[in-house]
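Colleague: Build me a model from this:
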Amino acid sequence: MNNNDTHSLLVGYLLWIFGFIGAHRFYYGKPISGTIYFFTLGLFFIGWIVDLFLIPGMDRQAGERFKSGRVDYNIAWLLLGFLGVLGVHRFYLGKWITGLVYLLTAGIFGIGILYDFWTLNTQVSDANRGMA
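Modeller: Numbering: from 1, shown residues only. Next comes the predicted model:
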């Protein structure tokens, strides 16, 4: 069993509130189903409600899949989820140039935000391995 606690149940449930756009699925490293939720409003709200019970399992899987380090996944995801258009999550990751670009372009007109929903776990993992 892996004691690597990279993702939080509390953050998962906070993002579940916005789950009809797939936020919690992106958070737990499921970008394909997150995108499906994004375009179908959480599978017409039915999948969103079912996920209320699936989040603990998604949390365990994320803990096994991702590595902890100096950059906290939870902080990065909360910054993306609530301040993404300002690029605050990119500043947190040490990506100052793209953070400024996001700040000046509202997250590159929203497209960059969707890109970061797809890749934030990888960006945090890379930063924790010293690759970013």
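Colleague: all contacts plus neighbour counts: C-alpha atoms, from now on.
Modeller: Noted.
Colleague: Can you give me the distance of residue 6 to residue 84?
Modeller: As judged by Cα to Cα, to the nearest Å, residue 6 and residue 84 stand 20 Å apart.
Colleague: Comparing these two, which residue is more hemmed in?
Modeller: In this comparison of residue 6 against residue 84, neighbours counted by other Cα atoms under 10 Å, the higher total goes to residue 84 at 25 against 21.
Colleague: from memory that one sits against residue 107, does it?
Modeller: Yes: contact status for residue 84 versus residue 107: in contact at 6.6 Å, counting by Cα atoms under 8 Å.
Colleague: which residues are common contacts for these two?
Modeller: Taking Cα atoms under 8 Å, 6 or more residues apart in numbering as the criterion, residue 84 and residue 107 both touch residue 113.
Colleague: so what pLDDT did the residue minimising distance to the centre of the chain get?
Modeller: Taking Cα atoms, centre = their mean as the criterion, residue 27 is the residue nearest the geometric centre of the chain, at 3.4 Å. Here, the pLDDT recorded for residue 27 equals 96.
Colleague: repeat for the one 4 residues further on
Modeller: You'll see residue 31 listed with a pLDDT of 95.
Colleague: Not counting its neighbours along the chain, what's nearest it?
Modeller: The spatially closest residue to residue 31, leaving aside those adjacent along the chain, is residue 118, at 5.3 Å (Cα to Cα, 6 or more residues apart in numbering).
Colleague: Give me the contacts around the helix or strand that contains that neighbour.
Modeller: Remark: residue 118 resides in helix 111-128, with elements defined by DSSP states H and E. By Cα under 8 Å, 6+ apart, the surrounding residues in contact with helix 111-128 are 23, 26-27, 29, 31, 66-73, 76-77, 80, 84-85, 93, 102, 107, 132.
Colleague: And stretch 63-72, end to end?
Modeller: Between where stretch 63-72 begins and where it ends, there is a gap of 13 Å, by Cα to Cα.
Colleague: returning to what we had before: select only the buried ones of the contacts of helix 111-128 in PyMOL?
Modeller: Selecting only the buried entries of the contacts of helix 111-128 in PyMOL, with 16 or more other Cα atoms under 10 Å as the criterion:
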select buried, resi 23+26+27+29+31+66+67+68+69+71+72+73+76+77+80+84+85+93+102+107
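Colleague: Nice, that's everything, thank you.
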